[in-house]
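Fold the following and give me the result.
(one chain, ligands or ions: 1)
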Amino acid sequence: MATLILKPGRERSLMRRHPWIFDTSVERIDGPVKNGDTVLVARHDGTPLARAGVSLASRIRARVWHFAPDSPVDHAFFRRRIAQAIARRLAHPSLRGQQGLRLVHGEADGLPGVIVDRFGAVAVLQLTFAGAERWREAIVDALWRALPELEALYERSDSGARRLEGLEPRTGLVFGTLPETVVIEEYGVRLFVDVVQGHKTGFYLDQRENRRLAGQLADGARVLNAFCYSGGFSLHALAGGAREVCSIDSSGPALELARRNLALDPALPADRARWFEADVFTLLREWERDGERFDLVILDPPKFAPSAAHVPQARRAYRDVNLHGMRLVAPGGLLMTFSCSGGIGTEEFREIVADCAAKNGRDAQVLARLQAGPDHPVGLAVPESEYLKGLLVRLE
Ligand code: SAH
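The predicted structure is shown next:
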């Protein structure tokens, strides 16, 4: 096994158990090493600290598998970690009975770059780190053992993050047989999950609790759901008694899925739903000119800042969407606004929203801070800003 020697003093974040080692912290790697190999990580004076997988293409040069430098990283390690992650989810009271949930969440479960989402009898695997790719067989084997009741494991290792790792995309059936359709129930709302073509692993599971909240706030309300994808927030709002729900997305296939979702439950008032295939930035301005008003506006844009380089332009995009989205909120109405950009921290996001309210001359009150569901835990060492953050705001 090769040894990765850190520059002097660069062990500090590792001592806090942050699992990432940036290229700028690496003095050298002693011994032959290929992308994804497991290496011993040592302080500059040679003291062993951890075992990590290396990624030769990425600025995140290595991610720690464990902080016990004498223990191996092997099949048993992955069996243990995966079983622990799943047991943690099953033990969580608010995840009991959920048909759609994240079973394994990368770094927060001590499994960098490994995502496993479960939708009923189907699970979806996504590997976004060269080290995880190297252990793919062990990971699949561990999932097979831990989830004997699965009908299928499907792989969606096609996220943009793979490119930074020097990995090709890979998708397809890993084991079992895919049912013709995958449907989950989320707090009484039934939703198709397109594990093959859908975004990410097929569905935005992290918004589960916030979709439920939108349903609880929607009674009698006129609701705008911008960036609606397959209509999750919209359906919860309709089920919650919304007077009308207008939903916008630029993706035709996403809206098609949304319409199919609405048709799944004949009890939902389909005549109260209107779908708009359009650019949110443009349509918000048009509706502003037309004097449209809503009691609840939901803004859940895609990740505008996937990396630090995108932050300035992402900042402008969040400002724009919140400034114009707010103008459609009726006096005394509610805004649910989100960001999933790692480059924009919790505080900065709150500032952006506060600035927009001030610019619009609106008094704003934060009623709640909104986060991802409990199946998306935030590891103590991993910055919270990496995850979904949101605000529920009342605008006078
Ligand atoms: N709220 C959704 C997830 C939203 S994901 C849920 O709960 O499931 C972000 C969505 O924004 C994607 O569906 C994408 O197609 C859409 N999108 C991205 N840019 C857009 C734009 N400029 N205008 C409209 N929709 C856009």
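
how long is stretch 154-170 from one end to the other?
Counting by Cα to Cα, to the nearest Å, you get 10 Å between the two ends of stretch 154-170.

how about that stretch against the ligand, any contact?
No: with Cβ under 6 Å from any ligand atom as the threshold, stretch 154-170 lies outside contact range of the ligand, at a closest distance of 13.7 Å. C-betas here are computed from N, CA, C, even on glycine.

what's the spacing between the spatially most central residue of the chain and residue 311?
In the chain, the residue lying closest to the centroid (Cα atoms, centre = their mean) is residue 206, at 5.6 Å. From residue 206 over to residue 311 the distance is 21 Å, taken as Cβ to Cβ, to the nearest Å.

now residue 11
With distances taken as Cβ to Cβ, residue 11 is found 28 Å from residue 311.

Give me the distance from whichever strand in the chain runs longest to the chain's centre.
Using DSSP state E to define each element, the chain has its longest strand at strand 329-339. Centroid displacement of strand 329-339 relative to its chain, using Cα atoms, centre = their mean, to the nearest Å, is 22 Å.

Now tell me which helix or strand of the protein has the poorest mean pLDDT.
Using mean pLDDT, DSSP states H and E, helix 161-164 stands out as the lowest-scoring helix or strand of the chain, at a mean of 89.

that older thread, from residue 23, how far off is the nearest residue to the residue nearest to the centre of the chain once chain neighbours are set aside?
Leaving aside its chain neighbours, residue 206 sits nearest to residue 372 (3.8 Å; criterion: Cβ to Cβ, 6 or more residues apart in numbering). Per Cβ to Cβ, residue 372 is found 29 Å from residue 23.

Excluding residues flanking it in the chain, which one is nearest residue 44?
Leaving out its chain neighbours, the residue that sits closest to residue 44 by Cβ to Cβ, 6+ apart is residue 8, at 4.4 Å.

swap in residue 168?
Once flanking residues are discounted, residue 168 sits nearest to residue 162: 7.2 Å by Cβ to Cβ, 6+ apart.

which ones are touching that neighbour?
If a contact means Cβ atoms under 8 Å, 6 or more residues apart in numbering, then residue 162 has 127-128, 168-169 as its contacts.

Of those, which qualify as buried by neighbour count?
Buried residues within those, counting neighbours by 16 or more other Cβ atoms under 10 Å: 127-128.

burial measure for residue 260, as a count.
Residues near residue 260, counting by other Cβ atoms under 10 Å, number 15.

Help me confirm that it is found in a helix?
Yes: secondary structure of residue 260 (DSSP: H, G, I helix; E, B strand; the rest coil): part of a helix.

Show me what the residue lying closest to it once chain neighbours are set aside bridges to in the sheet.
Leaving aside its sequence neighbours, residue 260 sits nearest to residue 192 (Cβ to Cβ, 6+ apart; 5.7 Å). Beta-bridge partners for residue 192, by DSSP bridges, are residue 183.

who does the host helix or strand of residue 224 pair up with?
Here residue 224 sits within strand 222-226, counting by DSSP states H and E. In the sheet containing strand 222-226, its partner strands are strand 244-249 (parallel), strand 294-299 (parallel), by DSSP bridges.

what's that strand in contact with?
Contacts for strand 222-226 (Cβ under 8 Å, 6+ apart): 214, 231, 233-234, 237, 242-248, 280, 284, 293-301, 321, 325, 328, 330.

Could you tell me which of those residues count as buried?
214, 231, 233-234, 237, 242, 244-248, 280, 284, 293-301, 321, 325, 328.

Would you mind marking which of those are also close to the ligand?
Counting by Cβ under 6 Å from any ligand atom, 233, 248, 280, 300 from the buried ones among the contacts of strand 222-226 sit close to the ligand.

Restricted to strands, list those residues.
With strands defined by DSSP E, the entries of these inside them are residue 248.

ok, then the element right after the helix or strand hosting residue 50?
Assigned by DSSP H and E, residue 50 belongs to strand 48-54. Once the chain leaves strand 48-54, the next helix or strand it forms, by DSSP H and E, is strand 60-66.

what does that next one rub up against?
Residues contacting strand 60-66 (Cβ under 8 Å, 6+ apart): 4, 14, 17, 19-23, 25-26, 38-39, 41, 50-55, 73, 77, 107, 110, 112-113, 129, 131.

Sheet partners, orientation included, of it?
strand 20-22 (antiparallel), strand 48-54 (antiparallel).

Average pLDDT for the longest one, rounded please.
Average pLDDT, strand 48-54: 98.

Just the buried residues of it, please?
Those would be 49-54, for strand 48-54 by 16+ other Cβ under 10 Å.

before we move on, what about stretch 389-396?
389-393, 395.

repeat for stretch 188-195
By 16+ other Cβ under 10 Å, the buried positions in stretch 188-195 come out as 189, 191-195.

same question, stretch 259-278
Under the neighbour-count criterion of 16+ other Cβ under 10 Å, stretch 259-278 has 261-262, 265, 268, 272-273, 275-276 buried.

Pull the most distant pair out of those residues.
Maximum pairwise distance in the buried residues of stretch 259-278, criterion Cβ to Cβ, is 21.4 Å, between 265 and 276.

Model confidence for residue 383, exactly?
61.

cool, and residue 30?
97.

what bridges to it?
On the basis of DSSP bridges, residue 30 is bridged to residue 3.

Against the ligand, how distant is it?
44 Å (Cβ to the nearest ligand atom, to the nearest Å).

what sits against that residue?
Neighbour list for residue 30: 2-3, 5 [criterion: Cβ under 8 Å, 6+ apart].

Most neighbours of all the residues you listed, which one?
The most neighbours of any of these, using other Cβ under 10 Å, belong to residue 5, which has 20 neighbours.
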